[in-house]
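**Student:** Take a look and give me a structure for this.
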Amino acid sequence: HWLDTPSREALLFAGRRLGNENVLLLLAMRNRDWISSAGLRTLELRGLSGEHSALLMRRSRRQIHPAVRRQLIAETHGNPLALLEAVASLAEAELLGRRTITAPLAVGVALEQAFARQLDGLPVDTRDALLLAAASDSGNAGEIVRALALRGIGIDVFQSAERGGVIRLVDDRIEFRHPLVRSAAYHQGDDVRRRAAHRALAAAVQDSSVERAAWHLAAATSGPDEQVAALLEAAATNASARNAHAAAASTFEASARLSVSDADKLRRMISAGHALVLGGDGERAAGLLAGVVELSNEPGTRADVQALRAQAMLFTRPAAEIFSMLVTEAQLIEPYDTTRAATLFTRAASIGVTAADLAGAHQVAQLAARMAEPGINWSATMALAVVRANLGEVDAALALLKPLLQTSQWVPTLDEIMVLSGVAQSLAWMEQWSSARQVLDHIVGAARMAAAPAALIFPLAALAEFELRLGKVSAAYAAAAESVQLAAETGHASLSSFALVVLARVEAVLGHPDDSRAHIASALEFSRLVGSHSIEHYAASTLGLLELSSGHPDRAVRHLIDCERLERQLMAVYSARSGRPSRGRMLATITQWAADLVEALIRSGATTDAKRSLAVLEETCRRP
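**Tutor:** Numbering: from 1, shown residues only. Next up, the predicted model:
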């Protein structure tokens, strides 16, 4: 519970991955609200039993009357620290029962107050020195001594505290005998004394760590301070360079809050939001960015904020809401900057596909492609290709993709991974296996190098689907399981639905029906929460495959006919909204349900229906 947030998240992230490894990660801490959602097993420690409490007190070598011992155990509820403090602080007459113990024994908050009272008897300079040592984030004796020297205090000021057992010198560290003592030492001072301590520590560490000096200066600052804000921004930029996204986000946010001008605050808050998205905390990023949208007076900056905010909103908000926001922002920026408008329309197209709004996705993808600068905004062309692949227009999709894939002009950023994952999927649907592998390896590698868990979810799920189509079931399972885990850890509801349904399909192939059904149910729950309607189609096809492979062709037919119904509805809506004639069917290789339906019909004895379904499938597959 003493860890800073980035360190805590790093440990939890690692801990959830230990699985069946021969490694034990043990965290001892006080109760906090976030423990229940940490994803680790917990063991609540209660007070010692009467027998063990008595044993602990006997080790103090002080004589204690049995009746007093029972009283101490009852009043402390077996809290070992409270027992030891009581034995150490009570007078001999009280321990032997010759004098009644009238004061309540210190437990919990009262225990910290008791520690604070122990400090009251120390000289003022010693208490100031202890406050400074408590403010130190490292406990390094050299740093603390340098900070004291800047305030004209020598190290001998600690002697009375050391004799009283408040602190101890261990190698090159100054350690408090208990964290509650440190807490009492820090909080005994007023705000002015605490700020003075942090200023001294900042001066003492500035030569060895600019980042730590910046944080101490921030703690020493009572209001906006551009100089300190700039130091924090530099520290945050360094953290970003080493992919420490959580640390960078916290530091950028602190820098923004100390900023004097709105322009500086906005720039730093955008950087904080970007780091949070990369680190997988989309909900917090969306909240931060929503709070600064109104500071974006310049149209281009506002468009950038809204584009990033949309990326963050994908974690928890409905796809239709994000699609609408992006289209609105694209229309607002179009008169000033068509490049930015193309970027916003491109992102909207990807989200439209997720929401199964092919008409909307096609319309904005066409707008983006028309606005995009040739040879620069290649992602707009790719987004249009993905939509056309979904519509079954294979030749048109390949005509758009092949020139891009044959050159080295596209250098993707993490923000463009969503589009590229869709491209990889489309290439696999069109059986362009080599190109699909090229794109998948590229984007998975880029996301891993950037240590960006949220950016890995979609590529890993797409990779799992790809491996399954090639018959590499073990590789598919590994990629899908990791995708599901990352989606759960980052709270990404939209991508959780896709990752779960892909894992369910792999489990159907492996013959794990209970796991497959459970994951389909979870996928549908997430998809309905955020409006990822395309998952309904995936789920029905996977349930059909599961029932077919489990020897229940009649049940399989029911699910696979659902696929047919959903697909016809989707294409009818597309035709009505786009004004283009509907083909009636999407590309047959997207969810691969049609061939399963033919088999299920044959095995259930419906030969006539099977022949009709086969004829429709053959006709669909002949289309260019």
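**Student:** how near is Asn431 to Glu618?
**Tutor:** Quick fix: residue 431 reads Glu, not Asn. 17 Å (C-beta to C-beta, to the nearest Å). The way it works is simple: take the backbone N, C-alpha and C, and place the C-beta from them, glycine included.
**Student:** again with Leu367
**Tutor:** Distance of Leu367 to Glu618, given as C-beta to C-beta: 35 Å.
**Student:** Between those two, which is the more surrounded one?
**Tutor:** Taking neighbours as other C-beta atoms under 10 Å, Leu367 and Glu618 compare with Leu367 leading, 24 against 12.
**Student:** just checking, that one touches Phe345?
**Tutor:** Yes. Using C-beta atoms under 8 Å, Leu367 is in contact with Phe345, at 4.9 Å.
**Student:** Mutual contacts of the two, please.
**Tutor:** Taking C-beta atoms under 8 Å, 6 or more residues apart in numbering as the criterion, Leu367 and Phe345 both touch Ala330.
**Student:** In the stretch 151-300 of the chain, what residue spans correspond to helices?
**Tutor:** 159-163, 179-187, 191-205, 210-219, 226-241, 245-257, 262-279, 282-290, 299-313 (DSSP state H, counting those that start in this stretch).
**Student:** which outside residues touch the third one?
**Tutor:** So that's helix 191-205. Against helix 191-205 from outside (C-beta under 8 Å, 6+ apart): 128, 131-132, 135-136, 143-144, 146-148, 150-151, 186, 189, 212-214, 216-217, 219-222.
**Student:** again, only this time at 7 Å
**Tutor:** Helix 191-205 has contacts (C-beta atoms under 7 Å, 6 or more residues apart in numbering) with 128, 131-132, 135-136, 143, 146-147, 150-151, 212-213, 216-217, 219-220, 222.
**Student:** next one: the longest one
**Tutor:** By C-beta under 7 Å, 6+ apart, the residues outside helix 262-279 that reach it are 229, 233, 236, 240, 245-246, 248-249, 252-253, 255-256, 259, 284-285, 288-289, 292, 295-296, 301, 304-305, 308, 311-312, 414, 450, 452, 454-455.
**Student:** Could you turn the buried ones of these into a PyMOL selection?
**Tutor:** This is how PyMOL selects the buried members of those, with burial counted by 16 or more other C-beta atoms under 10 Å:
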select buried, resi 229+233+236+240+245+246+248+249+252+253+255+256+259+284+285+288+289+292+295+296+301+304+305+308+311+312+414+450+452+454+455
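**Student:** right, and the helix or strand after whatever helix or strand Pro6 lives in?
**Tutor:** Using DSSP states H and E, Pro6 maps to helix 5-15. Once helix 5-15 ends, the next helix or strand along the chain (criterion: DSSP H and E) is helix 50-58.
**Student:** Now do the buried residues in the next helix or strand after that next one.
**Tutor:** The first helix or strand that comes after helix 50-58 along the chain, using DSSP H and E, is helix 66-76. Buried residues in helix 66-76, defined by neighbour count with 16+ other C-beta under 10 Å: 68-69, 71-73, 75-76.
**Student:** check contacts around Ala481.
**Tutor:** By C-beta under 7 Å, 6+ apart, Ala481 lies in contact with Leu503.
**Student:** what pLDDT, on average, does the helix or strand where it lies get?
**Tutor:** Taking DSSP H and E as the definition, Ala481 sits inside helix 473-490. For helix 473-490, the mean per-residue pLDDT is 93.
**Student:** what is the orientation angle of that helix with helix 282-290?
**Tutor:** Orientation note: helix 473-490 sits at an angle of 50 degrees relative to helix 282-290 (axes from the mean of the first three to the mean of the last three C-alpha atoms, to 10 degrees).
**Student:** Please point out which parts of helix 473-490 sit buried.
**Tutor:** For helix 473-490, a neighbour-count test (16+ other C-beta under 10 Å) marks 475-490 as buried.
**Student:** how far out from the middle of the chain is that helix?
**Tutor:** Its chain's C-alpha centre and that of helix 473-490 lie 15 Å apart, by C-alpha atoms, centre = their mean, to the nearest Å.
**Student:** Using CSV, write out every CA atom in it.
**Tutor:** The C-alpha coordinates for helix 473-490 follow below in CSV (Å, rounded to 0.1, in the frame of the first residue of the first chain):
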residue,chain,number,x,y,z
VAL,A,473,-4.6,-24.6,-32.9
SER,A,474,-2.0,-24.3,-30.0
ALA,A,475,-0.7,-21.1,-31.3
ALA,A,476,-4.2,-19.8,-31.8
TYR,A,477,-5.1,-20.7,-28.2
ALA,A,478,-2.1,-18.9,-26.8
ALA,A,479,-2.7,-15.7,-28.7
ALA,A,480,-6.4,-15.7,-27.9
ALA,A,481,-5.9,-16.4,-24.2
GLU,A,482,-3.3,-13.5,-24.0
SER,A,483,-5.7,-11.2,-25.8
VAL,A,484,-8.5,-12.0,-23.4
GLN,A,485,-6.3,-11.5,-20.4
LEU,A,486,-5.1,-8.1,-21.6
ALA,A,487,-8.6,-7.0,-22.4
ALA,A,488,-9.7,-8.0,-18.9
GLU,A,489,-6.8,-6.2,-17.3
THR,A,490,-7.3,-3.0,-19.2
